[in-house]
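**Q** quick one: sequence plus predicted model below, questions after.
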Amino acid sequence: MPIQKTPPKPVDASVVAAHYQNSVDLAYATWKDRNKLFVALVLTAGLGLLLLLQVPTTDSLLVAAIAKFLNITDPLAKDNLLKTFPFDILLSGVLVTMFYLMQRLYSTNLSVMRTFIYLGALEDEIRNYLSLPAESVSFTREGKFYWGKRTFPQKISKWYYVIVLFVILIPFMVFKLRADFTQGNWLITGVDVIVSLMTAFYWREYARSSVSLDVPNVQDDTKK
């Protein structure tokens, strides 16, 4: 006797819509985190370049801030701190911080991109469950409505971020490694080379994912 299959239960569109809203909230929270990471990375690299290029007063301002934090008031002690402060180790710390921020920026950006692609696909499913007409704009915010309204500056904006990171990361790493080789501290040089390679790797992956995932994932309603 053949076994009769139980017909699938109808999908509760309200449950899917609630999941969609939760996913939107998560996407925007992650989007904000990504923006903060980008700003933090730019500021860190900028400070590192100022120190590395020995911009006038930058070193003294930093040492003055450290002296104030340590409650050092003796002028001779401040002058000695400026002369003996291990700026090479500090700059290596800046490089490690840049690597951490770059890795976090890559992973957070990847999560943001994938989540928005997922939201676009989820919108198509919700529209199917609700039997919405093709001309309806309901549940198209991250799908066809977004991709159909993009301006040219929006389309190329991803390149702005990729280029800005290249401009601040690569010069810092090049100048830092050149300074390491000049000073001849091979332990610091070896660490900096490894950290620089890992940072460059995550920058490349950030650029690749930003470009490859910034594509429409829209279901064509006219083919239904």
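**A** Cool, got the structure. Residues are numbered from 1 along each chain as shown.

**Q** show me what the longest helix belonging to the chain is packed against.
**A** Looking across the chain with DSSP state H, the single longest helix is helix 87-130. When contacts are defined as 3 or more Cβ pairs under 8 Å, 6 or more residues apart in numbering; DSSP states H and E, helix 87-130 sits against helix 13-52, helix 152-183, helix 186-212. (Glycine included, C-beta is placed from N, CA and C.)

**Q** and of these, who's closest to residue 137?
**A** helix 13-52 (15.2 Å; Cβ to Cβ).

**Q** tell me the angle the closest one makes with helix 186-212.
**A** Calculated by axes from the mean of the first three to the mean of the last three Cα atoms, to 10 degrees, helix 13-52 forms an angle of 140 degrees with helix 186-212.

**Q** about what we covered before: out of the helices and strands packed on helix 87-130, which comes closest to residue 130?
**A** Nearest of those (Cβ to Cβ): helix 13-52, 5.5 Å.

**Q** report the buried residues of the closest one.
**A** Residues of helix 13-52 classed as buried by neighbour count (16 or more other Cβ atoms under 10 Å): 13, 16, 20, 23-24, 27, 30-31, 33-34, 37-38, 40-42, 44-45, 47-52.

**Q** cool, stretch 156-171 as well?
**A** Buried, per 16+ other Cβ under 10 Å, within stretch 156-171: 158, 161, 162, 165, 168, 169.

**Q** in contact with the fourth one, which residues are there?
**A** Contacts here follow Cβ atoms under 8 Å, 6 or more residues apart in numbering; on that basis residue 165 touches 38, 41, 42, 102, 203, 206, 207.

**Q** excluding chain neighbours, what is closest to the last one?
**A** Using Cβ to Cβ, 6 or more residues apart in numbering and skipping the chain neighbours, the partner closest in space to residue 207 is residue 162 (4.4 Å).

**Q** is it true that that neighbour touches residue 210?
**A** Yes - between residue 162 and residue 210 there is a contact at 6.1 Å, judged by Cβ atoms under 8 Å.

**Q** got any ranges where the protein has weak pLDDT?
**A** Across the chain, the ranges flagged by pLDDT under 70 are 1-13, 55-63, 66, 69-70, 77-78, 80-86, 217-224.
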